[in-house]
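Enquirer: predicted coordinates and the sequence they were generated for:
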Amino acid sequence: MKKLIVFDLDGTLALSKSPIDSEMSILLDQLLASIKVAVISGGNWPQFQKQVLSKLSIGNALNNLSILPLCGTKYYFYDSDWKKLYEEDFNEKDRTFIIDSVEQAISDTGLLPKKKWGELIEDRGSQITYSALGQDAPLKEKQNWDPDFFKRKILKTALDKVLGDYSVNIGGSTSIDITAKGVDKSYGIEKLHEKLGIEVAEMIFIGDALFKGGNDEPVRKTGAYCIKVRDPEETKRIIEAVLAFLG
Ligand SMILES: [Mg+2]
């Protein structure tokens, strides 16, 4: 018997960076009334609030929901209000070394942008994110900047040389994420096992990027039952099937 349904966020529950729609919020409310649910994403806590939590009904069913921002290096649960169970931040020495290394690599590779929108380097606690055009760059500018990943591969190669003790990953359309080694969605699955006491084999994971190289793929090796979806519409049909099964 499965005891926990785990969802990816972007492309699975909602379109990228968008809130879940009203049909999805109703289905999630119903699901939370029957079974434990978790959401894992590489995004940070405010993104979950905006895209998911603000659209759910407030009530006891929220006690069944676990939120794992930054792949589970942060963990939030509900008990009359949202509370942080833990946060695994970089220490000051790591943080300074990573930020200095990123600044050096941008300058060495000649990738400093002529124009930028907001800060280039964001400290998210357990993840340092470099956004080549700034945090607030318009979508169109971002899409045109590095469509073939060429620039970010150059930067990643440069960073891998100095940041070998960390994990350097190509993120969204202009970004590079630096985390502690081994932090991906499989890390979040392990955290759920540890904190909820539910066996990984009793979990179902639903994600849109379970394909090779996708950011959900690491979950496959954990032993959770994985269901690959095309988009949030397909996720809704799966939730309906689960609801019918749970009765
Ligand atoms: Mg996704």
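Expert: Noted; the coordinates are in hand. As the structure is a prediction and not an experimental result, all values here were calculated from the model.

Enquirer: could you look up the SS state of Ser66?
Expert: Under DSSP: H, G, I helix; E, B strand; the rest coil, the three-state class of Ser66 is strand.

Enquirer: for it, what are its contacts?
Expert: By Cβ atoms under 8 Å, 6 or more residues apart in numbering, Ser66 lies in contact with 36-39, 75-77, 192, 195-196. No exception for glycine: its C-beta is placed from N, CA and C like everyone else's.

Enquirer: rerun at 6 Å
Expert: Contact analysis of Ser66 by Cβ atoms under 6 Å, 6 or more residues apart in numbering lists 38, 77.

Enquirer: distance of it relative to Asp216?
Expert: 17 Å (Cβ to Cβ, to the nearest Å).

Enquirer: then Lys161?
Expert: From Lys161 to Asp216 the distance is 28 Å (Cβ to Cβ).

Enquirer: what helices or strands is the strand or helix carrying Ser107 leaning on?
Expert: With elements taken from DSSP states H and E, the one containing Ser107 is helix 92-109. For helix 92-109, the elements it packs on are helix 150-162, judged by 3 or more Cβ pairs under 6 Å, 6 or more residues apart in numbering; DSSP states H and E.

Enquirer: list the buried residues in the helix it packs on.
Expert: Within helix 150-162, the residues that count as buried by 16 or more other Cβ atoms under 10 Å are 151-152, 154-156, 158-159, 162.

Enquirer: chain center to it, what's the gap?
Expert: In terms of Cα atoms, centre = their mean, to the nearest Å, the centre of helix 150-162 is found 22 Å from the chain centre.

Enquirer: ok, stretch 116-136 next?
Expert: 16 Å.

Enquirer: now the residue in the chain positioned nearest to the ion, what are its backbone angles?
Expert: Relative to the ion, the nearest point of the chain is Gly11 (3.6 Å; Cβ to the ion). Phi and psi for Gly11, reported as degrees, to the nearest 10, are phi 90, psi -10.

Enquirer: tally up the residues packed near Asp89, please.
Expert: Number of residues near Asp89 (other Cβ atoms under 10 Å) recorded here: 15.

Enquirer: what helix or strand is it on?
Expert: Short version, using DSSP H and E: Asp89 is in no helix or strand.

Enquirer: I figured it hits Ser126, correct?
Expert: Yes. At 5.4 Å, Asp89 counts as touching Ser126 under the criterion of Cβ atoms under 6 Å.

Enquirer: hmm, back to that, tell me who's in contact with the nearest residue to the residue of the chain closest to the ion once chain neighbours are set aside.
Expert: Leaving out its chain neighbours, the residue that sits closest to Gly11 by Cβ to Cβ, 6 or more residues apart in numbering is Asp208, at 3.7 Å. The neighbours of Asp208, taking Cβ under 6 Å, 6+ apart as the test, are 11-12, 229.

Enquirer: again, 10 Å this time
Expert: 7-13, 214-216, 228-232, 234-235 (Cβ atoms under 10 Å, 6 or more residues apart in numbering).

Enquirer: against Tyr130, how distant is it?
Expert: 24 Å.

Enquirer: check which helix or strand the closest residue to Leu65 other than its chain neighbours maps to.
Expert: Nearest non-adjacent residue to Leu65, counting by Cβ to Cβ, 6+ apart: Val37, 5.3 Å away. Using DSSP H and E, Val37 sits within strand 36-40.

Enquirer: buried set for the helix or strand just after that strand?
Expert: For strand 36-40, the following helix or strand on the C-terminal side (DSSP H and E) is helix 45-51. By 16+ other Cβ under 10 Å, the buried positions in helix 45-51 come out as 45, 47-48, 51.
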